[in-house]
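**Q** Test case, fold it:
(chains A and B)
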Amino acid sequence: GAGVSQSPSNKVTEKGKDVELRCDPISGHTALYWYRQSLGQGLEFLIYFQGNSAPDKSGLPSDRFSAERTGGSVSTLTIQRTQQEDSAVYLCASSLTGFNQPQHFGDGTRLSIL
Amino acid sequence: QKEVEQNSGPLSVPEGAIASLNCTYSDRGSQSFFWYRQYSGKSPELIMFIYSNGDKEDGRFTAQLNKASQYVSLLIRDSQPSDSATYLCAVNKSNTGKLIFGQGTTLQVKP
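**A** Numbering: from 1, shown residues only, chains lettered A, B, ... in the order given. As a prediction, this is how the structure comes out:
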């Protein structure tokens, strides 16, 4: 079956612009996660959605970052007024349910802020 | 102290040898532990997960967990050059869905 799908695969934008990154989880997976991976920073948790529960936003680095998950499926991560330090690979993962379940990653979106 | 610690390596082993990758974690309430393999420029790929103390084997891979020592390891038997990658240890933070990742260990398998 299809894995986690992310788009775009690459995004180059100018500092100060807003960007939207999309994630389509594995069919039937109720939990969806966003992480980012920067050079020298490792993989960093951003936000987690589980079913109809309120999302865990504890990893969002600033109020410029937000995410939505519509209809319990597709998710969009939005970064407003981008800064150069936002340059990273943004990875989406999904799992069958939450807590303790294996998470499967998409191919990521490589974001470059000029 | 980092929540999940790994030796960054590189760990270099000859082809056919056993590669041993180690990870320690700080959250005593963690209940699930994962190993991901990441090739350069690619996303992490799940290779093993373990929930209970002891060993779990899958093909050439064995995950080992010792909760008392807060220690997880991954053994790769009969290492192949195609196993050369960065191996990420990830721990489910207790009572949350989030994974906390180590910095990864780079493995080089030399022919």
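**Q** got the residues of chain B near chain A?
**A** B:31-32, B:34, B:36, B:42-46, B:49, B:51, B:88, B:90, B:92, B:95-104 (C-beta under 8 Å from any C-beta of the partner chain). C-betas here are computed from N, CA, C, even on glycine.
**Q** which residues of chain A score low on pLDDT?
**A** Chain A contains residues with pLDDT under 70 at A:1.
**Q** tell me the centre residue of it?
**A** residue A:34 (3.2 Å; C-alpha atoms, centre = their mean).
**Q** what residues are up against it?
**A** Neighbour list for residue A:34: A:23, A:45, A:46, A:47, A:48, A:67, A:75, A:77, A:90, A:91, A:92, A:93 [criterion: C-beta atoms under 8 Å, 6 or more residues apart in numbering or on different chains].
**Q** Repeat that for residue B:69.
**A** Counted by C-beta under 8 Å, 6+ apart, residue B:69 has contacts residue B:24.
**Q** Specify the local secondary structure of it.
**A** Following DSSP: H, G, I helix; E, B strand; the rest coil, we place residue B:69 in the coil state.
**Q** Distance-wise, check it relative to chain A.
**A** 20 Å (C-beta to the nearest C-beta, to the nearest Å).
**Q** List only buried entries from the residues of chain B next to chain A.
**A** Among these, those classed as buried by 16 or more other C-beta atoms under 10 Å in any protein chain shown are B:32, B:34, B:36, B:43-44, B:46, B:49, B:88, B:90, B:92, B:96-104.
**Q** Quick check, residue B:105 in contact with residue B:4.
**A** No: in this structure residue B:105 lies outside contact range of residue B:4 using C-beta atoms under 8 Å: 11.7 Å.
**Q** ok, the stretch of helix or strand the residue nearest to the centre of chain A belongs to: who's next to it in the sheet?
**A** Per DSSP states H and E, residue A:34 falls inside strand A:31-38. Taking DSSP bridges as the criterion, strand A:31-38 sits next to strand A:42-50 (antiparallel), strand A:88-95 (antiparallel) in its sheet.
**Q** With that, I have no additional questions.
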